[in-house]
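Visitor: got a predicted structure here, sequence first:
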Amino acid sequence: MLSDFERKLRRIILNDQNFGRTINLNDLEQRTGHDRQEIEQIIKKLKQVPTREGGLG
């Protein structure tokens, strides 16, 4: 099960992909209020979680 922040980050990434925007860590830092290290860890985790379970896998 994903945390609220993980779901938020996933939604931002998917929306950016749908609108053809490039995903930038600095932009994600500003939009979420979380630091770069935490965002990188969450993205790695989301890539390992299968899509059917809410990840980016």
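Guide: Now that the structure is in, tell me what you want to look at.

Visitor: now do the helices in the protein.
Guide: Using DSSP state H, the helices of the chain run over residues 4-18, 25-32, 36-48.

Visitor: among these, which is nearest Gly55?
Guide: Gly55 lies closest, by Cβ to Cβ, to one member of the helices of the chain: helix 36-48, at 4.9 Å. Just so you know, the C-beta spots here come from the backbone N, C-alpha and C atoms, and that holds for glycine as well.

Visitor: what residues of the closest one count as buried?
Guide: Ile39, Ile42, Ile43, Lys45, Leu46 (16 or more other Cβ atoms under 10 Å).

Visitor: need the residues you listed in TSV with pLDDT, can you?
Guide: Shown next, in TSV, are those (pLDDT from 0 to 100):
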residue	pLDDT
Ile39	97
Ile42	96
Ile43	96
Lys45	96
Leu46	96
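
Visitor: TSV please, covering those residues and showing distance to Asn15.
Guide: Formatted as TSV, the buried residues of helix 36-48 follow (distance: Cβ to Cβ, whole Å):
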residue	distance to Asn15
Ile39	16
Ile42	16
Ile43	15
Lys45	19
Leu46	14
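
Visitor: for Arg52, state which of the residues you listed is nearest.
Guide: Out of the buried residues of helix 36-48, the member with the shortest distance to Arg52 (by Cβ to Cβ) is Leu46, at 13.2 Å.

Visitor: contact partners for that closest one?
Guide: Leu2, Glu6, Leu9, Arg10, Ile13, Gly55, Leu56, Gly57 (Cβ atoms under 8 Å, 6 or more residues apart in numbering).

Visitor: and the residue nearest to it when sequence neighbours are not counted, its phi and psi?
Guide: Spatially, and ignoring its direct neighbours in sequence, Leu46 is nearest to Leu56 (4.4 Å; Cβ to Cβ, 6 or more residues apart in numbering). Main-chain dihedrals, Leu56, degrees, to the nearest 10: phi -100, psi 0.

Visitor: swap in His34?
Guide: phi -110, psi 160.

Visitor: does it really touch Glu6, like I thought?
Guide: No. Look at His34 against Glu6 with Cβ atoms under 8 Å: they stay out of range, at 10.9 Å.

Visitor: residues near the nearest residue to Lys45 once chain neighbours are set aside, how many?
Guide: Spatial nearest neighbour of Lys45, excluding adjacent residues (Cβ to Cβ, 6+ apart): Glu6 at 7.0 Å. Other residues lying near Glu6 total 17 when counted by other Cβ atoms under 10 Å.
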